[in-house]
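S.K.: next come a sequence and a model predicted from it.
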Amino acid sequence: MWVERVNLSGIAESTSVLRSRSSPAQLVITFGPTQSLRSGEITRLLRTSFPEAILFGCSTGTTVEGRSLSDTNTVAVAIGFETSWARVAIERIADMSDSYRAGQAIGLELGGEQLVGVLVLSDGLAVNGSALVNGLKNTLPEHVKISGGLAGDGAQFADTLVTVGDLAESGLIAAVGLYGPSLRMTHEAAGGWDEFGPVRIITRSDDSILYELDGKPALDLYETYLGDEAAALPASALLYPLKIWDPACPDDEVVRTVLSVDHARRSMKFAGDIPQGWKARLMRGSFERLIDSAAEAADSAKSQMENQTSYDGLCLIVSCVGRRLLMGQQTEEEIDVVYSSIGGSFPIVGFYSYGEILANSKTGPSGLHNQTITLTMISEVA
């Protein structure tokens, strides 16, 4: 397996270098601002340079490349496999309630012998991420690793999209299946947020919409805690995520982040399911705890992959936009600690998302997480 950064401003030169590789590029992953991807110019450049590769990516407010962050750049990496292979599946949805069905359809299409893992990218505003992943898990073998995230748009929450092939659309879900006995895929995630305030009961909800906590409007509670920051909802709510758990399984906790608010109904829409009857508690973060958790995740992911590879590999970072908004310029420290641990071994690329997907992991059963940093490492063995 080989991985090379694609220089989008000098793509002809970049392509000539890649042609010297032992195998052609089979997968090109791209992350960038919504408008940059929607214009189609980047897709046309990549299609010309990599006519046989799967083009795969999504929008974001912040890209990651190496140890650098950018709110304006589009990043791309080309990947070639020595003995492994990739397939792509897509689904369009018109309504969030269709998310589970879409996950099932993708799982059925990609399932097959020698499937090791699935990378999934989804529209960040129109899709219920937890239902999507549950649909995937329902149709894929338990050993298959599922990683990825929901497309982002920074603090705007206005327009997200997924790119696959020549498409760049909202309401789109794309997944790449990775196959072969020599393929290795490991992943790790970490949070670093601290709980505060009393434990509450989710007394009224509907899928990803939260209406009441302890019998009182959920939006009222958030506005009370946010004070003057409430005027900046929903973006300001990213600084105060909600931890939820099933009282019957108290160790299986997940964190949820707000996508939008309905002032008339006093409700809040989250990136994943908010089951009625579950317990909930507000959270907040500190720079030190968030950065330390990123370092721990990187060390753990690297240790899982060590001594397994003889080819190059890729480290894919999907981190939450809430972490980016809270840490501001100090977000670079989160990426720097990951680079210090992994960057010498694997190239790093990634994006800041509206939801992080990581299934079959110790981080929880739902597969969708918010306010986390997730690391997926992919490589081949000889």
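M.R.: The structure has been received and is ready for your questions. Numbering: from 1, shown residues only.
S.K.: quickly run through the sheet partners of the helix or strand where Ser147 lies, with directions.
M.R.: Element membership for Ser147, per DSSP states H and E: strand 145-150. Using DSSP bridges, the strands paired with strand 145-150 are strand 115-122 (parallel), strand 355-359 (antiparallel).
S.K.: residues contacting the first one, please?
M.R.: With contacts defined as Cβ atoms under 8 Å, 6 or more residues apart in numbering, strand 115-122 is touched by 56-58, 84, 106-107, 110, 129, 132-133, 136, 140-141, 144-151, 162, 172-180, 183-185, 316, 355, 357, 376, 378. Every residue, glycine included, has its C-beta placed from N, CA and C.
S.K.: among these, name the ones in helices.
M.R.: If you go by DSSP state H, the contacts of strand 115-122 have Ile106, Gly107, Leu110, Gly129, Leu132, Val133, Leu136 in helices.
S.K.: let me know the pLDDT of the residue lying closest to Met185 once chain neighbours are set aside.
M.R.: In space, and not counting its chain neighbours, Met185 is closest to Gly117: 4.0 Å by Cβ to Cβ, 6 or more residues apart in numbering. At Gly117, the pLDDT value in this model is 95.
S.K.: how many neighbours does the nearest residue to Ile93 once chain neighbours are set aside have?
M.R.: If the residues on either side of it in the chain are set aside, Ile93 comes closest to Ala102, at 5.2 Å by Cβ to Cβ, 6+ apart. Residues lying near Ala102 (other Cβ atoms under 10 Å) number 24.
S.K.: which ones are touching the closest residue to Gly191 other than its chain neighbours?
M.R.: For Gly191, ignoring the flanking residues on the chain, the nearest one in space by Cβ to Cβ, 6+ apart is Thr372 at 5.1 Å. Contact partners of Thr372, counting by Cβ under 8 Å, 6+ apart, are Ala189, Ala190, Gly191, Val255, Ser319, Cys320, Glu356, Leu358, Thr363.
S.K.: roughly how far apart are Thr372 and Asn7?
M.R.: 31 Å (Cβ to Cβ, to the nearest Å).
S.K.: closest to the centroid, which residue in the protein?
M.R.: Centroid-nearest residue in the chain, with Cα atoms, centre = their mean: Gly149, separated by 2.2 Å.
S.K.: is it in contact with Thr374, as I believe?
M.R.: Yes. With contact defined as Cβ atoms under 8 Å, Gly149 and Thr374 form a contacting pair (7.4 Å).
S.K.: need the residues touching each of the two.
M.R.: Val318, Glu356, Ile357.
S.K.: helices and strands of this structure: which one has the lowest mean pLDDT?
M.R.: Least confident helix or strand of the chain, by mean pLDDT, DSSP states H and E, is helix 11-18 with a mean of 57.
S.K.: next secondary structure element downstream of it?
M.R.: The first helix or strand that comes after helix 11-18 along the chain, using DSSP H and E, is strand 27-32.
S.K.: now do that following strand: which elements does it pack against?
M.R.: helix 41-49, strand 54-59, strand 63-65, strand 75-80, strand 348-353 (3 or more Cβ pairs under 8 Å, 6 or more residues apart in numbering; DSSP states H and E).
S.K.: for the ones you listed, which one sits closest to Ala155?
M.R.: Shortest distance between Ala155 and these, using Cβ to Cβ, is found for strand 348-353: 10.3 Å.
S.K.: could you dump the closest one to CSV, C-alpha only?
M.R.: Taking Å, rounded to 0.1, in the frame of the first residue of the first chain, the C-alpha atoms of strand 348-353 are listed here in CSV:
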residue,chain,number,x,y,z
ILE,A,348,-2.2,12.0,8.3
VAL,A,349,-5.3,13.5,6.7
GLY,A,350,-8.7,14.3,8.0
PHE,A,351,-11.5,16.7,8.8
TYR,A,352,-13.6,18.3,11.5
SER,A,353,-17.1,16.8,11.4
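S.K.: that one packs against which elements?
M.R.: Applying 3+ Cβ pairs under 8 Å, 6+ apart, one finds that strand 348-353 contacts strand 27-32, strand 63-65, strand 145-150, strand 314-320, helix 321-327.
S.K.: contact partners for the residue of the chain most remote from its centre?
M.R.: Each residue of the chain has a distance to the centre, and by Cα atoms, centre = their mean the biggest one is for Gly215: 32.4 Å. By Cβ under 8 Å, 6+ apart, the contact list for Gly215 reads Thr203, Arg204.
S.K.: now the end-to-end length of stretch 313-330.
M.R.: Stretch 313-330 has an end-to-end distance of 27 Å (Cα to Cα, to the nearest Å).
S.K.: could you number the chain from 42 rather than 1 from now on?
M.R.: Okay, residue one is now 42; in that scheme the one you just asked about reads as stretch 354-371.
S.K.: so what's the residue count around Gly152?
M.R.: Around Gly152 there are 16 other residues, counting by other Cβ under 10 Å.
S.K.: ok, now which ones touch it?
M.R.: Thr180, Leu181, Pro182, Val185.
S.K.: filter those residues down to the buried ones.
M.R.: Neighbour counting with 16 or more other Cβ atoms under 10 Å marks Thr180, Leu181, Val185 as buried within these.
S.K.: about what we covered before: as TSV, the ones in helices among the contacts of strand 156-163 with neighbour count would be great.
M.R.: Converted to TSV, the ones in helices among the contacts of strand 156-163 look like this (neighbours: other Cβ atoms under 10 Å):
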residue	neighbour count
Ile147	26
Gly148	25
Leu151	23
Gly170	35
Leu173	34
Val174	29
Leu177	29
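S.K.: Leu251: helix or strand, and which one exactly?
M.R.: strand 250-254.
S.K.: list the contacts of the strand holding Ser188.
M.R.: Applying Cβ under 8 Å, 6+ apart, the contact partners of strand 186-191 are 99, 157-165, 168, 170, 174, 177-178, 181, 201, 216, 226-228, 312, 357, 359, 392, 394-401, 408, 415, 417.
S.K.: same check on stretch 292-302?
M.R.: Residues external to stretch 292-302 that are found in contact with it (Cβ under 8 Å, 6+ apart): 165-166, 171, 198, 232, 234, 249, 260, 263, 274-275, 278-279, 282-287, 308-313, 315, 324, 361, 363, 395-396, 405-407, 409-413.
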